[in-house]
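Asks: sharing a model that was predicted from the sequence below.
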Amino acid sequence: MGFGGISMWQLLILLLIVVLVFGTKRLRNMGSDLGAAVKGFRKGMDEGLGDKEETLEPDQIAAAEGSSAPAEESVKKTESNS
């Protein structure tokens, strides 16, 4: 038994058909393009996270970490106005 009810022979026949339709050179190019795209995406995500942390103000960082200090100040202001 293979993956999801597909036997090993069925997988090999499917692989053979894909190779015959697309050819090995085109499959190799598609694989390298996919790998480069994933690598670029990961690099972009890492750069995006680094930029976001640098541009935040200290009170924004505290709010993002779950600190309730800015929220407490606004509650105190509204209570004193009442």
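Replies: Perfect, thanks for sending it.
Asks: I'd like to know which elements the helix ranked longest in the chain is packed against.
Replies: Secondary structure of the chain per DSSP state H: the longest helix is helix 24-55. Here helix 24-55 touches helix 8-22, going by 3 or more Cβ pairs under 8 Å, 6 or more residues apart in numbering; DSSP states H and E. For every residue, glycine as well, the C-beta is placed using N, CA and C.
Asks: dump the residue contacts of Thr24.
Replies: Under the criterion of Cβ atoms under 8 Å, 6 or more residues apart in numbering, the contact list for Thr24 is empty.
Asks: what about it, distance to Ile17?
Replies: Taking Cβ to Cβ, to the nearest Å as the measure, Thr24 falls 13 Å from Ile17.
Asks: tell me how many other residues surround Arg28.
Replies: 11 (other Cβ atoms under 10 Å).
Asks: below-threshold pLDDT in this protein: ranges please.
Replies: By pLDDT under 70, the weakly predicted segments of the chain are 1-3, 50-82.
Asks: the longest helix of the chain vs helix 8-22, what angle?
Replies: Here helix 24-55 points in a direction 90 degrees away from that of helix 8-22 (axes from the mean of the first three to the mean of the last three Cα atoms, to 10 degrees).
Asks: buried stuff in helix 24-55?
Replies: Across helix 24-55, burial judged by 16 or more other Cβ atoms under 10 Å covers no residue at all.
Asks: what's the closest non-adjacent residue to Val19?
Replies: Closest residue to Val19 apart from its sequence neighbours, by Cβ to Cβ, 6 or more residues apart in numbering: Leu27 at 6.8 Å.
Asks: wait, that neighbour sits on Val21?
Replies: No: shown here, Leu27 and Val21 do not form a contact pair, counting by Cβ atoms under 8 Å, at 9.6 Å.
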